[in-house]
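Trainee: no sequence for this one, just the structure:
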Ligand SMILES: CC(C)(COP(=O)(O)OP(=O)(O)OC[C@H]1O[C@@H](n2cnc3c(N)ncnc32)[C@H](O)[C@@H]1OP(=O)(O)O)[C@@H](O)C(=O)NCCC(=O)NCCS
């Protein structure tokens with residue numbers, strides 16, 4: 001299905017690059033416009049301030065930041081550190097063109113290059129399964145907010161998935177999501 005989609009001109013002209021100094025306000029704008037509350041925009045600011053934005057990529061078109069994805073550290077009791085994908089957003093007028101997919105693919109590759117062995121995400125399995133995510137419960141991993149089948153995981157480097165390690169903890173900044 002996806003193979004039959006033809007990238008639109010805007011997508012071909014869109015650049016995915018690491019967040020640079022001076023992007024913070026534009027990134028805030030992308031999340032504020034994309035989510036019902038400013039919680040995700042605030043989360044990114046908190047992660048940045050805590051130096052927990054492990055990977056932060058923007059999609060830029062014509063000098064405008066139109067999308068953003070963040071990855072931050074996650075831990076399990078065994079100590080094996082991975083990354084969590086969150087949040088990701090693309091401004092409404094540029095959705096359904098594969099821009100989030102470009103951001104996510106580039107982010108996963110960057111995390112792998114940085115030697116992070118595994119990644120988790122809380123989101124729609126119908127979307128994230130295309131990147132290789134599978135239900136984290138099948139791997140013996142759980143999340144802090146009862147995400148059920150929406151909590152998914154993927155190995156980035158062979159044999160680095162902490163199978164059966166139980167609870168996956170996100171960075172402290174994620175506690176702010178529950179206090180809005
Ligand atoms: C979720 C979100 C980031 C997706 O961004 P996006 O750039 O539209 O994502 P993609 O284009 O990669 O994929 C979205 C859909 O467009 C489809 N698509 C991709 N390229 C396409 C193309 N050229 N033509 C038509 N459809 C296309 C994908 O197949 C997918 O559809 P499906 O899920 O029904 O299969 C965006 O909708 C958003 O910002 N939502 C609000 C914030 C949010 O909920 N974030 C996720 C939780 S953190």
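Mentor: It's in. Here the structure is a predicted model, which is why all the values come from computation and not from measurement. Numbers count the residues shown, from 1 in each chain.
Trainee: quick check: residues of the protein near the ligand?
Mentor: When proximity is defined by CB under 6 Å from any ligand atom, the chain lies next to the ligand at 2, 5, 7-8, 34-35, 86-90, 95-101, 123, 127. Any C-beta I mention is one placed from the backbone N, CA and C, and that applies to glycine too.
Trainee: show me how to select, in PyMOL, the buried members of those residues.
Mentor: Applied in PyMOL, the following selects the buried portion of these according to 16 or more other CB atoms under 10 Å:
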select buried, resi 34+86+87+88+89+90+97+98+99+100+101+123
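Trainee: so what secondary structure elements neighbour the longest helix seen in the chain?
Mentor: Among the elements of the chain assigned as helix by DSSP state H, the one spanning the most residues is helix 99-113. Applying 3 or more CB pairs under 8 Å, 6 or more residues apart in numbering; DSSP states H and E, one finds that helix 99-113 makes contact with strand 15-18, strand 55-61, strand 64-75, strand 82-90.
Trainee: so for that helix, mean pLDDT?
Mentor: When pLDDT is averaged over helix 99-113, the result is 98.
Trainee: to residue 135, which of the helices and strands packed on helix 99-113 lies closest?
Mentor: In this view, these are compared for proximity to residue 135 by CB to CB, and strand 82-90 is the closest at 15.2 Å.
Trainee: quickly run through the sheet partners of that closest one, with directions.
Mentor: Taking DSSP bridges as the criterion, strand 82-90 sits next to strand 64-75 (antiparallel), strand 118-122 (parallel) in its sheet.
Trainee: got a markdown table for the helices and strands packed on helix 99-113, with distance to residue 171 and mean pLDDT too?
Mentor: Converted to a markdown table, those look like this (distance: least, CB to CB, whole Å; pLDDT from 0 to 100):
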| stretch | distance to residue 171 | mean pLDDT |
| --- | --- | --- |
| strand 15-18 | 19 | 98 |
| strand 55-61 | 13 | 98 |
| strand 64-75 | 5 | 98 |
| strand 82-90 | 8 | 98 |
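Trainee: tabulate those strands (CSV), appending distance to residue 175.
Mentor: Supplementary listing: the helices and strands packed on helix 99-113 in CSV, determined by distance: least, CB to CB, whole Å:
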stretch, distance to residue 175
strand 15-18, 26
strand 55-61, 20
strand 64-75, 13
strand 82-90, 13
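Trainee: for residue 113, which of the ones you listed is the nearest?
Mentor: Each of the helices and strands packed on helix 99-113 was scored for nearness to residue 113 using CB to CB, and the closest is strand 55-61 (9.5 Å).
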